[in-house]
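J.: Got a sequence here, can you model it:
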Amino acid sequence: MENKIKMVIVDDSEQTRENIASIMSFEKDIEIIGEAGNGEEAIEIVRDKRPDIVLMDINMPVMDGIKATQALTEEGAESSIIIMSIQGEGEYIKRAMSAGARDYVVKPFGVRELVDTVRRVYEMDMNKKRKNNNISASIIESRIISIFSTKGGVGKTTIATNLAVSLSNLTGKKIVLLDLDLQFGDVAICLNLYIKNSMTELVKDFANIEQDSGLMEEYLLAHYSGVKVLAAPIRPENAEYVTAEHIKNIIEFLKGRYDYIIIDTSHGFNDTVITALDMSDTIIYISTLDLPSIKNTKNGLEVMKSLNYPKEKVKLVINKSNENFGINHSDFESALGVDIWAMIPDDLASVTVSVNNGHPLVAHRKSSAVSKRIYKLAQSIIGDEKVKKRIFAAVF
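T.: Predicted coordinates:
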């Protein structure tokens with residue numbers, strides 16, 4: 001046959017490996033391309049040989065099968081892993097499946113059982129790849145936009161939520177909003193969403209989500225505007241379970257599936273925020289017209305310069321804009337040496353009512369000055385005046 005199932009056998013018993021290889025030698029559609037005696041050897045041979053199927057024992061020296069399975073899953077190996085276990089290892093099997101194994105067989109297994117399992121897993125993978133190939137023809141070119149500040153209380157989350165809703169209303173495209181203020185995120189509250197699952201639960205189940213992308217929907221909250229939300233952990237102490245690597249994997253997973261990925265960061269720089277900023281196409285940097293904000297914004301821009309972010313990537317937005325308190329826009333620009341990209345007026349009463357009711361201002365008070373400016377902000381991001389002019393005019 002032209003396309004054989006390429007398989008690697010991993011077991012610390014040489015006799016077991018020889019027996020399995022002997023069994024498979026009678027199957028014309030299966031080819032043994034390598035063997036390993038422990039988990040570390042398995043990882044190396046999978047990297048080198050890229051087999052379709054890895055038949056992995058659980059209990060092995062140096063590195064066991066569960067750790068090897070998890071390592072291969074985390075580094076994105078395309079090989080499917082079938083676990084070999086013995087009677088009474090039910091808990092180990094659960095752990096192995098959670099780590100990314102696709103199926104298992106229990107020793108002593110029959111020839112037919114093993115061969116059928118290998119073929120079934122391989123066929124499932126081929127069906128999945130064919131489906132993904134069909135989807136890839138219409139893959140989405142995502143834009144990643146982070147809403148950032150170096151000071152709390154500047155209205156970052158209000159802008160993030162209303163911008164996401166505006167983009168959804170103006171484009172009708174797929175929008176996802178990530179709450180990356182991991183300790184004290186308020187995106188769900190601002191949109192009046194009940195948190196069933198948060199980022200904490202998602203990272204625990206990410207290996208399964210990578211195997212079945214449809215599971216991601218269980219962790220995204222649906223807003224009536226069409227925006228999907230990935231909520232921050234419910235408890236502040238759970239933030240420690242979400243790492244920068246998790247954030248990178250989540251964003252990479254959402255790329256190609258959503259047109260706009262909006263990220264509401266925490267204020268200031270940390271590993272998770274820098275990861276999001278690095279991956280962003282645009283950073284909307286929120287500040288206000290007061291001395292502490294100006295000082296912090298200036299310092300933050302210097303950090304971004306040291307991170308080698310191009311100037312055009314960072315867009316400075318003044319929120320709660322009001323020149324009646326001693327500092328005007330030209331003073332701000334002179335102090336920082338940068339141009340203001342957009343200004344959103346001060347309307348504390350409307351914004352407070354909107355937040356307390358859990359209704360985006362752009363959806364329920366479209367005529368307010370704040371709503372109009374945020375819609376214009378969204379229009380600038382879209383950048384397609386001809387296509388969107390009719391929709392934009394209809395809103396106002």
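J.: Helix or strand: which one has Ile23?
T.: helix 14-24 (DSSP states H and E).
J.: roughly how far out does that helix sit from the chain middle?
T.: Offset of helix 14-24 from its chain centre (Cα atoms, centre = their mean, to the nearest Å): 41 Å.
J.: Next: stretch 108-125.
T.: The answer for stretch 108-125 is 33 Å, by Cα atoms, centre = their mean.
J.: which outside residues touch the helix holding Ile23?
T.: 7, 9, 11, 30-32, 35, 37, 55, 57, 111, 114-115 (Cβ atoms under 8 Å, 6 or more residues apart in numbering). No exception for glycine: its C-beta is placed from N, CA and C like everyone else's.
J.: Tell me how far the spatially most central residue of the chain lies from Ala276.
T.: Centroid check for the chain by Cα atoms, centre = their mean gives Ile250 as the closest residue, at 1.9 Å. Distance from Ile250 to Ala276, counting by Cβ to Cβ, to the nearest Å: 10 Å.
J.: Common neighbours of the two, please.
T.: Leu178.
J.: Would you map the helices across the stretch 101-250 of the chain?
T.: Secondary structure of the stretch 101-250 of the chain, counting by DSSP state H, counting those that start in this stretch: helices at 111-136, 156-171, 187-190, 199-204, 206-211, 244-254.
J.: Switch those helices over to a markdown table, and while doing so, append distance to Ala222 and mean pLDDT to every line.
T.: Output for the helices of the stretch 101-250 of the chain, formatted as a markdown table (distance: least, Cβ to Cβ, whole Å; pLDDT from 0 to 100):
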| stretch | distance to Ala222 | mean pLDDT |
| --- | --- | --- |
| helix 111-136 | 21 | 78 |
| helix 156-171 | 11 | 90 |
| helix 187-190 | 12 | 89 |
| helix 199-204 | 15 | 85 |
| helix 206-211 | 17 | 77 |
| helix 244-254 | 15 | 91 |
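J.: Could you identify which of those is most buried?
T.: Burial of the helices of the stretch 101-250 of the chain is given as mean neighbour count (mean count of other Cβ atoms under 10 Å); helix 156-171 ranks first at a mean of 26.
J.: now that helix: how far from the chain's centre is it?
T.: For helix 156-171, the distance to the chain centre is 19 Å (Cα atoms, centre = their mean).
J.: One more: stretch 308-321?
T.: 23 Å.
J.: Okay, angle between the following helix or strand past the helix holding Ile23 and helix 14-24 too, please.
T.: Per DSSP H and E, the first helix or strand lying C-terminal to helix 14-24 is strand 30-36. Between strand 30-36 and helix 14-24, the angle comes out at 170 degrees (axes from the mean of the first three to the mean of the last three Cα atoms, to 10 degrees).
J.: Quick one: mean pLDDT for the helix or strand just after strand 30-36?
T.: Remark: after strand 30-36, the chain's next helix or strand is helix 39-49, criterion DSSP H and E. Averaged across helix 39-49, pLDDT comes to 93.
J.: which residues touch the very next helix or strand once past helix 39-49?
T.: On the C-terminal side of helix 39-49, the nearest following helix or strand under DSSP H and E is strand 53-57. Identification of contacts with strand 53-57 by Cβ under 8 Å, 6+ apart yields 5-13, 16, 20, 39, 42, 46, 65, 68-69, 72, 79-85, 96, 101, 118, 121-122.
J.: Can you flag the buried ones in the residues you listed?
T.: If you count burial by 16 or more other Cβ atoms under 10 Å, the buried members of these come out as 5-12, 20, 39, 42, 46, 65, 68-69, 72, 79-85, 96, 101, 118, 121-122.
J.: coming back round to it: please dump the contacts of helix 14-24 into CSV; it should also carry distance to Asn169 for every row.
T.: Shown next, in CSV, are those (distance: Cβ to Cβ, whole Å):
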residue, distance to Asn169
Met7, 51
Ile9, 56
Asp11, 57
Ile30, 54
Glu31, 55
Ile32, 57
Glu35, 58
Gly37, 59
Leu55, 52
Asp57, 55
Val111, 60
Leu114, 55
Val115, 55
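J.: in stretch 18-34, what's buried?
T.: Those buried within stretch 18-34 under the rule 16+ other Cβ under 10 Å are Ile20, Ile23, Met24, Glu27, Ile30, Ile32, Ile33, Gly34.
J.: Quick one: residues contacting Val176.
T.: Counting by Cβ under 8 Å, 6+ apart, Val176 has contacts Leu220, Val227, Lys228, Val229, Leu230, Leu254, Tyr258, Tyr260, Ile261, Ile262.
J.: Distance check, it against Phe253.
T.: Where Phe253 is concerned, Val176 sits at a distance of 10 Å (Cβ to Cβ).
J.: again, but for Ser280
T.: 16 Å.
J.: Check Lys4 too.
T.: 31 Å.
J.: same check, this time on Arg47
T.: With Cβ to Cβ as the criterion, Arg47 and Phe253 are 22 Å apart.
J.: Compute the first-to-last residue distance for stretch 181-189.
T.: 13 Å (Cα to Cα, to the nearest Å).
J.: ok now it, how far from the chain's centre?
T.: 16 Å.
J.: and for it, what are the contacting residues?
T.: So stretch 181-189 is contacted by 157, 160-161, 177, 179, 194-195, 199, 221, 229, 231-233, 236, 239, 242, 264-267, 272, 355, 358 (Cβ under 8 Å, 6+ apart).
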